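Q: Fold the following.
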Amino acid sequence: MEQTQAIKALQGELGHSQVRANEMVDSEHEQLANRDSIIVQQAEAIQQLKDQLANTESTINAQIEKIKGQRDMELAAISRKYNAAICQNNNYKDPRSGDPRPSVSCPGRRIIGALIEENEPDAIPDQSPPPAP
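A: All right, here's what the predicted structure looks like:
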């Protein structure tokens, strides 16, 4: 009789242990599911940040190119003004035609072009008129 009661008591404890073990397993599964959910949310947030960064970088690069274009136009305008001023101040006349207008052979054009080339190679495209036929 005592053995039967002891067996029943052990079976009862075993049943309680199984229930507790199942509860612990369920709790662990729930925690893992929550962690997985958090990881997915973080991955989505990281992807959104990457997309925002790419958009920002694209915008910045476009602005840089716009500024470079404006700077190149301003440099070209300054170069033309200085070239004309240097040639006019020196009463320059084109040795080939005697024309007092600035020309490709005006020393001012070469000086300003050299200064710009020295500081910003490729900043100003060649804007000299094509040679007359």
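Q: Does Met73 lie in a helix or a strand, and which?
A: Secondary structure assignment for Met73, by DSSP states H and E: helix 2-89.
Q: which ones are touching Gln70?
A: Gln70 makes no contacts at all, as judged by CB atoms under 8 Å, 6 or more residues apart in numbering. All C-beta spots, glycine's among them, are computed from the backbone N, C-alpha and C.
Q: quick one on the thing from earlier: quick one: mean pLDDT for the helix holding Met73?
A: Helix 2-89 carries an average pLDDT of 87.
Q: Number of residues surrounding Ser79?
A: Other residues within reach of Ser79, judged by other CB atoms under 10 Å, total 19.
Q: Please apply the same query to Ile78.
A: 13.
Q: Also Ala54?
A: Neighbourhood size, Ala54 [other CB under 10 Å]: 10.
Q: try the one 10 residues further on
A: Ile64 is surrounded by 10 other residues when neighbours are defined as other CB under 10 Å.
Q: For Asn22, see how far away it is.
A: As for Ile64, its distance to Asn22 is 62 Å (criterion: CB to CB, to the nearest Å).
Q: cool, Gln41 as well?
A: Taken as CB to CB, the span from Gln41 to Asn22 is 29 Å.
Q: now do Ser37
A: According to CB to CB, Ser37 stands 22 Å off from Asn22.
Q: repeat for Ala62
A: Distance, Ala62 to Asn22, using CB to CB: 60 Å.
Q: swap in Ala43?
A: Using CB to CB, Ala43 is found at 31 Å from Asn22.
Q: got it, and Lys68?
A: Distance, Lys68 to Asn22, by CB to CB: 68 Å.
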